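>>> Structure for the following, please:
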Amino acid sequence: MTGFSHIPVLMTEAIDLLNVRDGGVYLDGTFGGGGYARAILARANGTLFAIDRDDEAVRRGRALEAEFPGRFAILPGRIGDLQNLLAARGVFQLDGAVFDLGVSSYQIDDPARGFSFRFDGPLDMRMGNQGQTAADLVNTFPESELADIFFKFGEEKASRKIARAIVERRGVAPFATTADLASVIRGVVRPDKSGIDPATRSFQALRIAVNEELSDVDAALTQAAGLLAPGGRLVVVSFHSLEDRLVKQFCAQAAGRAAGASRHDPAALFTRAETPAFHLLTRAPVVASDAETKANPRARSAKLRAIERLAA
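Numbering: from 1, shown residues only. Below you'll find the predicted structure:
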């Protein structure tokens, strides 16, 4: 992976909120380039476990294990299975967990992974090396299912038109590359005033569907929160509205609040838990500074939310 790099987003804010202490046991649920993991290990003399399903990320993790013997371990797997992965290492309680959700720059910037239409590459999009590829989906799924994917996971208004165009084109020749698919989508969706490439939302939707990202995140939040010791913290950085909505609702419910309930609605008075198990550390999401977004445009959409487990 020489020549690739990944700049961790909101790293200082995330590690500060994680409140790393000597002797603590922590989880980096999305190892990626290892930026968060290295910062956690440098902050205090604790133990850190990290998870990643990407073989390249696991290889980077092995190198970090050699730097921090006895203090760090990389666990190959999915975050939705974190409870079992940690249990296999004899870990049943955490002092903190952090997640930097979404796709990493290593994955986006490698044409061979097929995540981005900025480079022409195989239409893959898998974060790991198992399961269906994006090509499998666009070449075999019924038109209605493709439309649902684009609408649900990409919030794409032209989802039906895109699905119809894909089905018509694959009847002539199957899709094999990112450039091929992006070209068909651009032929259906016109550029808007935002300046965002017309293929952006559809590519996001396919990536989420291929990797089952939202169900993985949902399971990971529940499991990580359940493992936290009193005073333990859960810190999550998300990059698009679907992720942030899920994280926001989870944090609000964990803290005994009804997410999105109007303060003028009497029913909201009855939706709070009698004894919340968590405290909201971020009533509003933490966002990147102007300096960070200027240095790293990917930080523009990042939102950080955090909760802390209360004493029993």
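>>> contacts, neighbours, all on C-alpha from now
OK.
>>> Tell me the buried residues in stretch 67-85?
Neighbour-count burial for stretch 67-85 flags 71-80, 82-83, 85 (criterion: 16 or more other CA atoms under 10 Å).
>>> And the furthest pair within those?
71 and 80 (23.1 Å; CA to CA).
>>> Run through the neighbouring helices and strands of the helix or strand residue 42 falls within.
Under the criterion of DSSP states H and E, residue 42 resides in helix 35-43. Judged by 3 or more CA pairs under 8 Å, 6 or more residues apart in numbering; DSSP states H and E, helix 35-43 is in contact with helix 11-18, strand 47-52.
>>> ok so, going back, and the buried residues of stretch 67-85, which is closest to residue 118?
Nearest member of the buried residues of stretch 67-85 to residue 118, counting by CA to CA, is residue 78, at 26.9 Å.
>>> Quick one: residues contacting the residue lying closest to the closest one once chain neighbours are set aside.
In space, and not counting its chain neighbours, residue 78 is closest to residue 53: 5.4 Å by CA to CA, 6 or more residues apart in numbering. Counting by CA atoms under 8 Å, 6 or more residues apart in numbering, residue 53 touches 76-78, 127-128.
>>> From residue 277, how far out is residue 53?
30 Å (CA to CA, to the nearest Å).
>>> One more: residue 188?
Residue 188 is 48 Å from residue 277, by CA to CA.
>>> and if you look at residue 198?
Residue 198 is 43 Å from residue 277, by CA to CA.
>>> residues making contact with stretch 90-97?
Here stretch 90-97 makes contact (CA under 8 Å, 6+ apart) with 18-20, 24-29, 83, 86, 224, 227-235.
>>> make that stretch 237-245, sorry
Residues from elsewhere that reach stretch 237-245, judged by CA under 8 Å, 6+ apart: 10, 14, 99-102, 153, 214, 247, 301-305.
>>> Which members of the residues you listed are positioned in strands?
In this view, the contacts of stretch 237-245 that belong to strands under DSSP state E are 99-100, 303-305.
>>> Just the buried ones from these?
Counted by 16+ other CA under 10 Å, the ones in strands among the contacts of stretch 237-245 give 99-100, 303-305 as buried.
>>> Thank you kindly, that will do.
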